[in-house]
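In: Could you look at this predicted model? Sequence included:
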Amino acid sequence: MELINPKAQAYAEHFSPQRDPLLNQIEQDSQSHPEKQMLSGPLQGKLLEMISLITQPKYILEIGTFLGYSALCLAKGLKPGGELHTLEIREETAAVARENFKKSKTSNKIILHTGNALEVLENLDKPWDLVFIDADKTGYSDYYRFLLPKIRSGCLILADNVLFHGQVLEEKLKGKNAAAIQAFNELVLQDTSVDKVMLTVRDGLLLIRKK
């Protein structure tokens, strides 16, 4: 289901220019990738960059690296001495992201981990300021439950694909991913320990702030 009018999308992108040559190159290269829809893209990427610049985090956690596009956007707002830790389960994909990171001005601030996200998180003990979840949809609720007790008050969690191609709007949910995203959305809705707002940007972005 096409949720966003393509003309409105193109208009918004025109007035939200992405002038980073590396990001533009990654976007161009991704067009031949079989899972190119997983790239955050210029509009959402710019939003992630703006959120990071506004919040000025010292420690950022990203679950789901893909080609490194969103990590590079988020890293732009890091405080001096800050770190972005990004998790990717697929070694082949991580290798591409590593090469992209090497070409950036923030390469020394980005630490890429490979493996099962929950297992990696067990060994990562940082006072996260900003978290971006954009990985396997069936894992969203588990990542949220794991992280919430560990993050500080004021930490912002961003969850991508919360509209899941419009499938969550159907009367009968089809497939495990749509069902998992619906369950995650309900979990956050019922959680009184956080403030939340869902944005209809791209495939849906849920902003969650721990009180």
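Out: Good, I have the coordinates. Numbers count the residues shown, from 1 in each chain.

In: burial of residue 112, as a residue count?
Out: With neighbours defined by other Cβ atoms under 10 Å, the count for residue 112 comes to 18. From N, CA and C alone the C-beta is placed, and that goes for glycine too.

In: That one: what secondary structure?
Out: In three-state terms, and counting by DSSP: H, G, I helix; E, B strand; the rest coil, residue 112 is strand.

In: For it, give me its contacts.
Out: 65, 86, 88, 94, 97-98, 101 (Cβ atoms under 8 Å, 6 or more residues apart in numbering).

In: Among those residues, which are located in helices?
Out: Among those, the members found in helices (DSSP state H) are 94, 97-98, 101.

In: Let me have the contacts of residue 112 in JSON lines, extended by distance to residue 179 and pLDDT.
Out: Shown next, in JSON lines, are the contacts of residue 112 (distance: Cβ to Cβ, whole Å; pLDDT from 0 to 100):
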{"residue": "65", "distance to residue 179": "25", "pLDDT": "97"}
{"residue": "86", "distance to residue 179": "27", "pLDDT": "98"}
{"residue": "88", "distance to residue 179": "24", "pLDDT": "98"}
{"residue": "94", "distance to residue 179": "28", "pLDDT": "97"}
{"residue": "97", "distance to residue 179": "29", "pLDDT": "97"}
{"residue": "98", "distance to residue 179": "33", "pLDDT": "97"}
{"residue": "101", "distance to residue 179": "34", "pLDDT": "98"}
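
In: which two in those residues are spaced the farthest apart?
Out: The largest separation in the contacts of residue 112, counting by Cβ to Cβ, is between 88 and 101 at 11.4 Å.

In: Who has more neighbours out of those two?
Out: residue 88 (27 against 23).

In: how about the more buried one, what does it touch?
Out: Contacts for residue 88 (Cβ under 8 Å, 6+ apart) come out as 64-66, 94, 97, 112-114.

In: which two in those residues are spaced the farthest apart?
Out: Within those, 66 and 113 form the most distant pair, 14.0 Å apart (Cβ to Cβ).

In: where's residue 62, which helix or strand?
Out: strand 59-63 (DSSP states H and E).

In: so what strands line up beside that strand?
Out: strand 83-88 (parallel), strand 130-133 (parallel) (DSSP bridges).

In: I'd guessed residue 141 sits against residue 180; true?
Out: Yes. Counting by Cβ atoms under 8 Å, residue 141 touches residue 180, with 7.0 Å between them.

In: So, low pLDDT: which residues of the protein?
Out: Applying pLDDT under 70 to the chain flags no residue at all.

In: mind listing the helices for it?
Out: 6-14, 21-30, 41-55, 69-75, 91-102, 117-122, 140-147, 176-190.
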